[in-house]
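**Q** predicted coordinates and the sequence they were generated for:
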Amino acid sequence: AQSVTQPDIHITVSEGASLELRCNYSYGATPYLFWYVQSPGQGLQLLLKYFSGDTLVQGIKGFEAEFKRSQSSFNLRKPSVHWSDAAEYFCAVVGYSGGGADGLTFGKGTHLIIQP
Amino acid sequence: DVKVTQSSRYLVKRTGEKVFLECVQDMDHENMFWYRQDPGLGLRLIYFSYDVKMKEKGDIPEGYSVSREKKERFSLILESASTNQTSMYLCASSKGAGGIYEQYFGPGTRLTVT
């Protein structure tokens, strides 16, 4: 069974500074990987996804992530954070069973705090 | 614009009550999912469905059941609510087979069982 680890429960970053949120996954085959963001009181919004091909993927809101198979990682980055980026970030993986749908397996989330 | 709606944002129920959480999507998606979200635990999959009248157990199905009579509607049922089912419940939908498509989430229902 697949699993996702987000090692950082909380991260504090100054506005304008760069950001990297870590995600490690465990899955036997090629994973499908996602990063979601959840603002307070809201549902989850997809930031970006990786299925195959280029290992550096671009997402919305200026975010990008890099898939590194050798490290089983899919870290999320942003060169310069804005106060509006304060939120909960979730990394997720899904396996392909060849049949119908499969649910996502989520990490426990990283809470991002932006300092003025 | 994709829309997943959930019948209530906040719900308060008593222990032992039967509780229905409703989810509707307007994208003609084949797949629908129910997750619960708890602080420090992230989101965990309860049940999912890839077709009408089909259902599959997720990681934590105990104490829950589901119903999918129409393609656009997926209901989560707590047969006899207990305090440990106090949580945020999120519904999601996606198109296609294999789970590789983006899941679109509803705003969530915060359920309190007293």
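**A** That came through fine.
**Q** where in chain B is pLDDT low?
**A** Across chain B, the ranges flagged by pLDDT under 70 are B:2, B:97-100.
**Q** pick out the residue of it closest to chain A.
**A** Nearest residue of chain B to chain A: residue B:50, at 3.0 Å (C-beta to the nearest C-beta). Yep, even glycine has a C-beta here, placed from its N, CA and C like the rest.
**Q** let me see the ranges of the helices in chain A.
**A** Applying DSSP state H to chain A gives no helices.
**Q** picking up where we left off before, need phi/psi at the residue of chain B closest to chain A.
**A** phi -110, psi 0 (degrees, to the nearest 10).
**Q** straight-line length of stretch B:47-62, end to end?
**A** 10 Å (C-alpha to C-alpha, to the nearest Å).
**Q** contacting residues around that stretch?
**A** Contacting residues not belonging to stretch B:47-62 are listed as A:99-103, A:105, B:30-36, B:44-46, B:64-66, B:68-71, B:74, B:76, B:97 [C-beta atoms under 8 Å, 6 or more residues apart in numbering or on different chains].
**Q** mind listing which of those are in strands?
**A** Members of the contacts of stretch B:47-62 lying in strands (criterion: DSSP state E): A:105, B:31-36, B:44-46, B:64-66, B:68-70, B:74, B:76.
**Q** got a quick ChimeraX command for the buried subset of those residues?
**A** Buried residues within the ones in strands among the contacts of stretch B:47-62, by 16 or more other C-beta atoms under 10 Å in any protein chain shown, are selected in ChimeraX with:
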select /A:105 /B:31,32,33,34,35,36,44,45,46,64,66,68,74,76
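**Q** pull the contacting residues for residue B:66.
**A** Residue B:66 neighbours (C-beta under 8 Å, 6+ apart): B:34, B:46, B:47, B:49, B:55, B:74, B:75, B:76, B:77.
**Q** list the beta-bridge partners for it.
**A** Following DSSP bridges, residue B:66 is listed with bridge partners residue B:76.
**Q** ok, residue B:88 next?
**A** In beta-bridge terms (that is, DSSP bridges), residue B:88 pairs with residue B:37, residue B:110.
**Q** is it in contact with residue B:108, as I believe?
**A** Yes - using C-beta atoms under 8 Å, residue B:88 is in contact with residue B:108, at 5.0 Å.
**Q** quick one: common contacting residues for these two?
**A** With C-beta under 8 Å, 6+ apart as the test, residue B:88 and residue B:108 both reach residue B:37.
**Q** around chain A, pick out the residues from chain B.
**A** Neighbours of chain A within chain B, by C-beta under 8 Å from any C-beta of the partner chain: B:4, B:30-31, B:33, B:35, B:40-45, B:48-51, B:54, B:56, B:58-59, B:90, B:92, B:94, B:97-100, B:102-108.
**Q** the nearest residue to residue A:49 once chain neighbours are set aside: neighbour count?
**A** Distances taken as C-beta to C-beta, 6 or more residues apart in numbering or on different chains place residue A:34 nearest to residue A:49, at 4.8 Å, with adjacent residues excluded. With neighbours defined by other C-beta atoms under 10 Å in any protein chain shown, the count for residue A:34 comes to 26.
**Q** likewise for residue B:62?
**A** By other C-beta under 10 Å, neighbour count at residue B:62 equals 6.
**Q** poorly predicted segments of chain A, please.
**A** In chain A (pLDDT under 70), the answer is A:95-101.
**Q** pick out the residue nearest the middle of it.
**A** Against the mean C-alpha coordinate of chain A, by C-alpha atoms, centre = their mean, the closest residue is residue A:35 at 3.1 Å.
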